[in-house]
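> Here's my sequence, what's the structure:
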Amino acid sequence: MILAPRRPADDTHESDTTLTSTQNTTETTTPSFRDLGVMPQICDALDRAGITHPFAIQEMTLSVALLGTDLIGQARTGTGKTLAFGIPVLQRSVAPSDPDYSEIPQGKPQALIVAPTRELAIQVSGDLELAGKDRGLRVLTIYGGVGYEPQIEALETGVDIVVGTPGRLIDLANRKVLDLSHVHALVLDEADEMLDLGFLPDVEKLLRLTPETRQTMLFSATMPAAIVSLARMHMRHPMNIRAESSYENATVPATAQFIYLAHDLDKPEIIGRLLQAEDADKMIVFTRTKRQAQRVADDLVERGFKASPLHGDMAQVAREKALTKFREDKIKVLVATDVAARGIDVSGVSHVVNYTCPEDDKTYVHRIGRTGRAGASGIAITLVDATDVHRWKMINKALDLPFDEPLETYSTSEHLFHDQGIAPGTKGRIVPPAPPAPRADRGDRGERGERSERPARNRDRTRTRTRTRGGQPVESAASTASTASTATEAALAADGGTEAPRRRRRRRSGGGGGGGAKPATDA
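Presented below is the predicted three-dimensional model:
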């Protein structure tokens, strides 16, 4: 690996120094972290995790960052940027065991790392805790979607390094709970994504809350004009470091890419068969919307696969649980939106599937960067709808890829089985479809057109009333009616009738004597 100085790029400060890495044809020995001046405590912690030699961006960054110089680190996603800035932050912070710790304002953060998403903030904190385990530094992760109380209590108790998302950091700073006036190092991770999510004004507020003498490190996969402007305004003669490629949108060469023209209704079947390919391990499926992510995940679960969605409508606890299960191999498929999946660093992701065509070339690079990480190989598959062919051609041209015409593909296409190593005859589900809900037995409802038998009403029930409708007591009304009835019968008999006529009883349905007319009430 050769570090070759270059002339300052047009989009950087005039006095910036740019370093790029170029491939040497002769074999060179990669230095270890100890060779680069990393303190033994950090090296020992990394050794226990099996991390002994740095990647390109780490090797180029550490020698500069450990001196306290401002820098802009640009490298493809999945190349180890976290430790590139995490090690200098850990090494240059004063630990409680250091003699100089008494000079640090008690409990005030010494370093601030800003990340665009909760998942990325959690991942960065995990890497810092791993590398700084022997340093004894207190790392706090701050993000939205959870209660304020635990974060406020931790800040009041005292922390050394804060990792957080812009929105919640601003909230706590406005509450006068987060004091950034003693920060000596500030890191902006995935700065281009913060720009896309609209966090740039919040980032500028945070920068103004920190001392001007701080060390500022900005890391990003791409360098839009707004990020370059931010660097010029808030950084002091930063060194620009580009690792592995000077082309900002270069894709990872270890990732095999396949572009298929697929029908939307056939995509779940295609994914179900991909999950049974010979080299399939973990898979991340990217969708355009939150609703689509939920629907695809539910469909895969119904097909018998261990899948979970990951999107913004889920509670933070549910999102963390899904990521934990994914890392622990308890689920095999994560169906995620772009924002929710930003910063996911999970080993063993063999496939990334774009369920729909990405919005642009940068989104495509970030998506497929979830596989082929840290030197491992991976497979990226993009399923393009007929309506998105033009969008894909623009991405293909921007990235200079050889897939200008996506191949029309169905779940039964032979080339799909051949390309992905799927055994012939494989279906897109591993459990039979659920049988339809059983219909009610005809015997329970009788023949067609007949009403089901209803329980007979209790006709023996008697009503207890204290007064009649006319307001008379029941007993007096009954006796009056009885007397009137007897008198009527006697009068009819006196008129020559030999037998008193039978009284007709009115039916409940209204039928009966008098054409169903209502009997007169006592007035």
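
> ends of stretch 416-427, how far apart?
End-to-end span of stretch 416-427 (C-alpha to C-alpha, to the nearest Å): 13 Å.

> buried ones in the strand or helix carrying residue 415?
If you go by DSSP states H and E, residue 415 is part of helix 414-420. Residues 416, 417, 419, 420 are the ones in helix 414-420 that count as buried (16 or more other C-beta atoms under 10 Å). Heads up, the C-betas are built off the backbone N, CA and C, glycines and all.

> One more: stretch 260-268?
Within stretch 260-268, the residues scored as buried using 16+ other C-beta under 10 Å are 260, 261, 262, 266, 267, 268.

> Just the endpoints, please. Distance across stretch 257-265?
With C-alpha to C-alpha as the measure, stretch 257-265 spans 22 Å from end to end.

> before we move on, the earlier item: contacts for the helix holding residue 415?
Identification of contacts with helix 414-420 by C-beta atoms under 8 Å, 6 or more residues apart in numbering yields 258, 260, 270, 273-274, 277, 379, 381, 407, 409-410, 422-424, 426.

> Report the distance from that helix to the chain centre.
A distance of 31 Å separates the centroid of the chain from that of helix 414-420, by C-alpha atoms, centre = their mean, to the nearest Å.

> Residue 316 against residue 165, yeah?
No - using C-beta atoms under 8 Å, residue 316 is not in contact with residue 165, being 11.3 Å away.

> more crowded one of the two?
residue 165 (24 against 15; other C-beta atoms under 10 Å).

> Contact partners for the more buried one?
Neighbour list for residue 165: 114, 115, 116, 117, 118, 121, 142, 143, 144, 199 [criterion: C-beta under 8 Å, 6+ apart].

> can you pick the most crowded of the residues you listed?
Neighbour counts for those, by other C-beta under 10 Å, peak at residue 115, which reaches 29 neighbours.

> Does it touch residue 191 like I think?
No - using C-beta under 8 Å, residue 115 is not in contact with residue 191; the gap is 10.0 Å.

> so what sits against both of these two?
By C-beta under 8 Å, 6+ apart, residue 115 and residue 191 have no common neighbours.

> returning to that earlier point: among the contacts of helix 414-420, which two are most distant?
Greatest spatial distance in the contacts of helix 414-420: 407 and 423, 20.8 Å, computed using C-beta to C-beta.

> okay, those two: which has more neighbours?
Between residue 407 and residue 423, counted using other C-beta under 10 Å, the more crowded position is residue 407 (15 against 10).

> Show me what that one bridges to in the sheet.
residue 260 (DSSP bridges).

> Any figure for the gap between it and residue 279?
Per C-beta to C-beta, to the nearest Å, residue 407 is found 20 Å from residue 279.

> again, but for residue 411
Using C-beta to C-beta, one gets 19 Å for the distance from residue 411 to residue 279.

> Of those two, which one has the most company?
Taking other C-beta under 10 Å, residue 411 and residue 279 do not tie; residue 411 has more neighbours (21 against 11).

> Surely that one touches residue 266?
Yes - judged on C-beta under 8 Å, residue 411 makes contact with residue 266 at a distance of 5.3 Å.

> pLDDT and distance to residue 74 for the buried residues of helix 414-420 - can I get that in a markdown table?
Shown next, in a markdown table, are the buried residues of helix 414-420 (pLDDT from 0 to 100; distance: C-beta to C-beta, whole Å):
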| residue | pLDDT | distance to residue 74 |
| --- | --- | --- |
| 416 | 94 | 36 |
| 417 | 93 | 39 |
| 419 | 91 | 33 |
| 420 | 93 | 33 |
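
> which ones are touching residue 207?
Residue 207 neighbours (C-beta under 8 Å, 6+ apart): 186, 216, 234.

> Give me the mean pLDDT for the helix or strand containing it.
Remark: residue 207 resides in helix 200-208, with elements defined by DSSP H and E. In this model, helix 200-208 has an average pLDDT of 94.

> What residues of that helix count as buried?
200, 202, 203, 206, 207.

> how near is the third one to residue 176?
This means residue 203. Remark: distance between residue 203 and residue 176 (C-beta to C-beta) = 20 Å.

> Please look at residue 273 and residue 423 and confirm they touch.
No - Residue 273 is beyond contact range of residue 423, at 9.3 Å (criterion: C-beta under 8 Å).

> Okay, strands next: where are they in the stretch 251-400 of the chain?
With DSSP state E, counting those that start in this stretch as the criterion, the stretch 251-400 of the chain has strands at 255-261, 282-287, 307-310, 333-337, 349-354, 378-384.

> Now stretch 319-337 - C-alpha only, CSV.
Output in CSV follows, covering the C-alpha atoms of stretch 319-337 (Å, rounded to 0.1, in the frame of the first residue of the first chain):
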residue,chain,number,x,y,z
ARG,A,319,-36.2,-2.4,15.8
GLU,A,320,-33.4,-3.2,18.2
LYS,A,321,-34.9,-6.6,18.8
ALA,A,322,-35.1,-7.3,15.1
LEU,A,323,-31.5,-6.3,14.6
THR,A,324,-30.3,-8.4,17.5
LYS,A,325,-32.1,-11.5,16.2
PHE,A,326,-30.6,-10.8,12.7
ARG,A,327,-27.1,-10.6,14.2
GLU,A,328,-27.6,-13.8,16.2
ASP,A,329,-28.9,-15.7,13.2
LYS,A,330,-32.4,-16.1,14.8
ILE,A,331,-33.9,-14.6,11.7
LYS,A,332,-32.6,-15.0,8.1
VAL,A,333,-34.2,-12.1,6.3
LEU,A,334,-34.4,-8.4,7.2
VAL,A,335,-36.8,-6.4,5.0
ALA,A,336,-35.9,-2.8,5.5
THR,A,337,-36.3,0.7,4.1
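
> so what pLDDT did residue 376 get?
For residue 376, pLDDT reads 65.

> Also the one 5 residues further on?
Predicted confidence (pLDDT) for residue 381: 95.

> again with residue 496
We have a pLDDT of 51 for residue 496.

> How about residue 348?
What the model reports for residue 348 is a pLDDT of 82.

> what about it, how many neighbours?
When neighbours are counted by other C-beta under 10 Å, residue 348 registers 13.

> now stretch 189-204, how far from the centre of its chain.
Worked out by C-alpha atoms, centre = their mean, stretch 189-204 lies 18 Å from the chain centre.

> Between the two ends of that stretch, how far is it?
Stretch 189-204 has its terminal residues 14 Å apart, counting by C-alpha to C-alpha.
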